[in-house]
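# Mind looking at a prediction? Sequence and model below.
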Amino acid sequence: MKRLPIHIDGLIYARQAHGGISRNFTNLINALARMPDAEVNLYLEPGSPMPEGMVPVRTHVLPAIAQMQSTRFFPRLSVSLSERKRRSFWSSTRPGVFHSSYYSSPDGVSIPQVLTMHDTIFEDFPQMFCTERHQRRIREKEVAFRRCSAVVFPSEFAKARASAYYDVAGKLALTIPHALDPRFLDTPSEDTVVRFRERVSPGRPFLLHVGSRFLHKNVARLLEAYAGWSRKGEFSLVLAGGGPLEPDEEALLRELRLGGDVIVIPRLSDDDLACAYCAATAFVFPSLSEGFGFPLLEALAFGCPSACSNAASLPEVGGDAPVYFDPCDTADIRMALDAVVALVGDDGRWQSARARARTRTWADVAAEYLDFYRAGLHRQGDRA
């Protein structure tokens, strides 16, 4: 079969070089690049380095866009000319499909466009994401959605939420779930895990939360539930990732008198994160909204007993393995903590969850994307 040129805008690497979406696209690009009937072209912003961990692909550097403040003479003319240069660049793109990594639809692209809509968190929680930057992202998403001929969602939940704001029924749409990051396929040695546990929470087992602590992640309610949990004295609570505590978070810990019970690890390497999943007594994830929910998939992939919110996409990711709770009910969270700790010794349950979390690969994801790209091209041809 003839190789399909796939043109991927690497905008996400300029905006979020080390985030979850960046990793998703690196894994997708790597898997597509290994397929004999796909030709991957990656377009990077000027000055952006090659993404970490990416296999060699055809890489193109976009023409620079002049910034108003950096042009001393005739600034508007300079910007206009540079934008025209970039439109000309995109209009010369070879036939194939254009895939936006982060809600982009460059002027000049004339080939069919595919959009991955990761989530609708900005739209769903306007009270939490109300800055001009957030509003600009929503406007960019609206333009990209309007121009695309096909749209992909990582979960049925993400698709359903997008339908509340966008005419998803009018597009060729498909749900393609993600897979486990290959960097988490290797299990750390028992000695390494023991050393990690003693370094982080010496002499005391711990519960684990992983990821950012934005308001929709609902960590404050987890802290309230943990503060009133009857077994708090037996277990520390480790908050891994998400950076250092903000002043309001420090105030909440003082108010709840959690003191040394809560351990914050602002950032940690992939190796340490793997150790954290293996060392924890249980993983707890109270998020109100997730387009997919990688921390839950990762925890289950290491066989970590897990309790999580029954909201959003998490039941799709977790299946029947986790203990689910109402993320808005602190009493229900406490009952879930009791339940998941009681299930720690149920090796069959967690080993089954581990196998399920590792079954799907990025090669599977890439194959589904490639079929979808071709379906989008076929539909575009029918319309023409």
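Structure received.
# Do a quick rundown of the helices in the stretch 201-350 of the chain.
219-227, 247-255, 270-279, 294-301, 314-318, 330-342, 347-359 (DSSP state H, counting those that start in this stretch).
# out of the ones you listed, which comes closest to Ser82?
Closest approach to Ser82 among the helices of the stretch 201-350 of the chain (C-beta to C-beta): helix 294-301, 36.9 Å. All C-beta atoms are positioned from the backbone trio N, CA, C, and that covers glycine.
# where does the stretch 201-350 of the chain dip in pLDDT?
Judged against pLDDT under 70, the stretch 201-350 of the chain has no low-scoring part.
# just the strands in the stretch 151-300 of the chain please.
Along the stretch 151-300 of the chain, counting by DSSP state E, counting those that start in this stretch, strands occupy 172-175, 206-210, 236-240, 262-265, 282-285.
# Could I get these in CSV, plus columns for mean neighbour count and distance to Tyr13?
Putting these into CSV (neighbours: other C-beta atoms under 10 Å; distance: least, C-beta to C-beta, whole Å) gives the following:
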stretch, mean neighbour count, distance to Tyr13
strand 172-175, 17, 24
strand 206-210, 24, 23
strand 236-240, 22, 24
strand 262-265, 17, 25
strand 282-285, 26, 27
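# Using JSON lines, lay out the ones you listed together with distance to Pro106.
Below are the strands of the stretch 151-300 of the chain laid out as JSON lines (distance: least, C-beta to C-beta, whole Å):
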{"stretch": "strand 172-175", "distance to Pro106": "21"}
{"stretch": "strand 206-210", "distance to Pro106": "35"}
{"stretch": "strand 236-240", "distance to Pro106": "37"}
{"stretch": "strand 262-265", "distance to Pro106": "39"}
{"stretch": "strand 282-285", "distance to Pro106": "36"}
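# and of those, who's closest to Phe292?
Of those, nearest to Phe292 by C-beta to C-beta is strand 172-175, at 10.5 Å.
# residues making contact with the closest one?
149-156, 158-159, 368, 372, 375-376, 379 (C-beta atoms under 8 Å, 6 or more residues apart in numbering).
# Of the helices of the stretch 201-350 of the chain, flag the one that's most buried.
Per residue and on average, the most neighbours among the helices of the stretch 201-350 of the chain fall to helix 294-301, with a mean of 26 (mean count of other C-beta atoms under 10 Å).
# re earlier: kindly reformat the helices of the stretch 201-350 of the chain as TSV containing distance to Glu190.
Below are these laid out as TSV (distance: least, C-beta to C-beta, whole Å):
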stretch	distance to Glu190
helix 219-227	28
helix 247-255	32
helix 270-279	8
helix 294-301	17
helix 314-318	26
helix 330-342	21
helix 347-359	15
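# Which among the ones you listed is found nearest to Ala38?
Nearest to Ala38, of the helices of the stretch 201-350 of the chain and by C-beta to C-beta, is helix 347-359 at 22.7 Å.
# C-alpha coordinates for the closest one, PDB please?
In PDB, the C-alpha atoms belonging to helix 347-359 read as follows (Å, rounded to 0.1, in the frame of the first residue of the first chain):
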ATOM      1  CA  ASP A 347      -3.400 -10.300  44.300                       C
ATOM      2  CA  GLY A 348      -5.700 -11.800  41.700                       C
ATOM      3  CA  ARG A 349      -7.600  -8.600  41.300                       C
ATOM      4  CA  TRP A 350      -4.600  -6.300  40.900                       C
ATOM      5  CA  GLN A 351      -2.600  -8.700  38.700                       C
ATOM      6  CA  SER A 352      -5.600  -8.900  36.400                       C
ATOM      7  CA  ALA A 353      -5.800  -5.100  36.300                       C
ATOM      8  CA  ARG A 354      -2.000  -5.000  35.700                       C
ATOM      9  CA  ALA A 355      -2.300  -7.300  32.600                       C
ATOM     10  CA  ARG A 356      -5.300  -5.300  31.300                       C
ATOM     11  CA  ALA A 357      -3.500  -2.000  31.600                       C
ATOM     12  CA  ARG A 358      -0.500  -3.300  29.700                       C
ATOM     13  CA  THR A 359      -2.500  -5.100  26.900                       C
END
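# Run the angle between that helix and helix 294-301 for me.
120 degrees (axes from the mean of the first three to the mean of the last three C-alpha atoms, to 10 degrees).
# Check the offset of helix 347-359 from the chain's centre.
22 Å (C-alpha atoms, centre = their mean, to the nearest Å).
# helices and strands around it, which ones?
With contacts defined as 3 or more C-beta pairs under 8 Å, 6 or more residues apart in numbering; DSSP states H and E, helix 347-359 has these neighbours: helix 294-301.
# relative to helix 270-279, how tilted is the helix it packs on?
Using the same axes, to 10 degrees, helix 294-301 lies at 60 degrees relative to helix 270-279.
# List of residues touching helix 294-301?
20, 178, 180-181, 184, 208, 210-211, 273, 277, 280, 283, 285, 290, 306, 308, 314, 317-318, 321-322, 350, 353-354, 356-358.
# hey, C-alpha coordinates of it in PDB?
Taking C-alpha atoms only, helix 294-301 is exported to PDB below (Å, rounded to 0.1, in the frame of the first residue of the first chain):
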ATOM      1  CA  PHE A 294      -3.000   8.400  32.700                       C
ATOM      2  CA  PRO A 295      -2.100   8.200  36.400                       C
ATOM      3  CA  LEU A 296      -4.800   5.600  37.000                       C
ATOM      4  CA  LEU A 297      -3.600   3.600  34.000                       C
ATOM      5  CA  GLU A 298       0.000   3.800  35.200                       C
ATOM      6  CA  ALA A 299      -1.000   2.800  38.800                       C
ATOM      7  CA  LEU A 300      -2.900  -0.300  37.600                       C
ATOM      8  CA  ALA A 301      -0.100  -1.200  35.200                       C
END
